[in-house]
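Asks: structure for the following, please:
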Amino acid sequence: MYKQSKNYYLEKKNAILNSFSTLLDIMIPDLTEYLESDDLNEILSEFKESFNNSLSDIPYIGGRKNFFSRNLAYSSPAIVFWKVLKDRNVSIEKFAPIYLKALKLGVKKEYQGFKGLIMRFFQKLLIRKTFLRIAWKNQEKLSKKYTNNFIVKPIKGKEKEFDFGYLMLQCPIVEFGKSQNAEEILPFVCAYDWYRAYHSRSGLIRSKTIAEGNKYCDFKFKPGNLPKNLQKTQIPDKLKPEMDC
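Replies: Coordinates of the predicted model:
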């Protein structure tokens with residue numbers, strides 16, 4: 001499993017870091033308020049080294065066979081970056097708003113222009129019930145195979161409340177965060193789901209996450225609607241996504 005994990009994420013490393021660089025470009029000006037430029041350069045260098053060293057720690061949950069693998073892969077740099085900042089005595093209270101601002105602007109950029117139209121089109125296909133019925137057969141197999149890091153369970157929709165959903169009983173992102181001693185950032189990493197949901201109109205409804213200390217994450221969807229964040233962790237008003245698309 002160690003070798004499988006390292007090989008899979010090593011293959012995707014450049015794409016993962018290129019994606020995270022968009023967030024870094026947004027965060028760096030705000031980080032300079034708390035850090036000297038020399039310190040920041042050292043942090044960025046240390047981050048790259050730490051990320052390389054952590055590739056084998058990222059849980060392997062089936063690679064391309066599992067559509068959750070992408071979320072895990074692209075969340076991992078934020079966890080490692082926070083770990084490096086934490087070791088430099090940067091507080092989560094200072095870093096969380098900086099990170100949320102980067103998510104707000106970064107995800108908005110993802111959904112702009114032709115690329116954004118394509119993303120919305122494919123996301124609408126992905127949340128069709130027919131596709132989900134087929135997909136969940138595969139997810140259930142993967143849940144049985146990778147029980148230490150990944151367990152999901154589909155739940156039936158309630159006509160007026162939500163169309164479909166699932167429970168995440170074992171989250172690989174949380175497991176990776178624990179392995180890096182970086183649990184503080186996890187509730188804010190989960191906030192990525194809210195930014196995407198605002199722009200994709202997936203109609204996400206969520207009240208619990210494992211990252212907040214609950215036994216499971218509940219994902220419910222009412223496509224076409226704005227999301228409903230019922231969690232303990234809320235996004236401050238000034239950092240909420242803009243409803244202009």
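Asks: strands along this structure, start to end?
Replies: With DSSP state E, the ranges of strands along the chain come out as 151-158, 162-170, 204-206, 217-221, 228-229.
Asks: for the second one, C-alpha coordinates in CSV please.
Replies: What follows is strand 162-170, C-alpha atoms only, in CSV (Å, rounded to 0.1, in the frame of the first residue of the first chain):
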residue,chain,number,x,y,z
PHE,A,162,-33.0,16.3,-0.6
ASP,A,163,-32.8,14.1,-3.7
PHE,A,164,-29.9,11.9,-2.6
GLY,A,165,-26.9,11.8,-0.3
TYR,A,166,-24.3,9.8,1.5
LEU,A,167,-22.5,9.5,4.8
MET,A,168,-18.7,9.6,5.0
LEU,A,169,-17.8,7.3,7.9
GLN,A,170,-14.1,7.2,7.4
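Asks: residue farthest from the centroid of this protein?
Replies: Distance from the C-alpha centroid of the chain peaks at D38, with 29.5 Å (CA atoms, centre = their mean).
Asks: against S50, how distant is it?
Replies: Distance of D38 to S50, computed by CB to CB, to the nearest Å: 18 Å. C-beta: built from backbone N, CA, C; applies to glycine.
Asks: give the buried residues for stretch 205-213.
Replies: Within stretch 205-213, the residues that qualify as buried by neighbour count (16 or more other CB atoms under 10 Å) are I205, R206, K208, T209, I210, A211.
Asks: swap that for stretch 27-35, please
Replies: Residues of stretch 27-35 classed as buried: M27, I28, D30, L31, L35 (neighbour count, 16+ other CB under 10 Å).
Asks: what's the closest non-adjacent residue to the last one?
Replies: Nearest residue to L35 in three dimensions, chain neighbours excluded: I43, at 7.0 Å (CB to CB, 6 or more residues apart in numbering).
Asks: quick check: pLDDT value at the residue nearest in space to the middle of the chain.
Replies: By CA atoms, centre = their mean, the mean C-alpha position of the chain lies nearest to S75, the distance being 4.6 Å. S75 is assigned 98 on the pLDDT scale.
Asks: need the contact list for A78.
Replies: The contact partners of A78, taken as CB atoms under 8 Å, 6 or more residues apart in numbering, are F20, L23, Y99, I185, V189.
Asks: I'm done for today, thanks for sticking with me.
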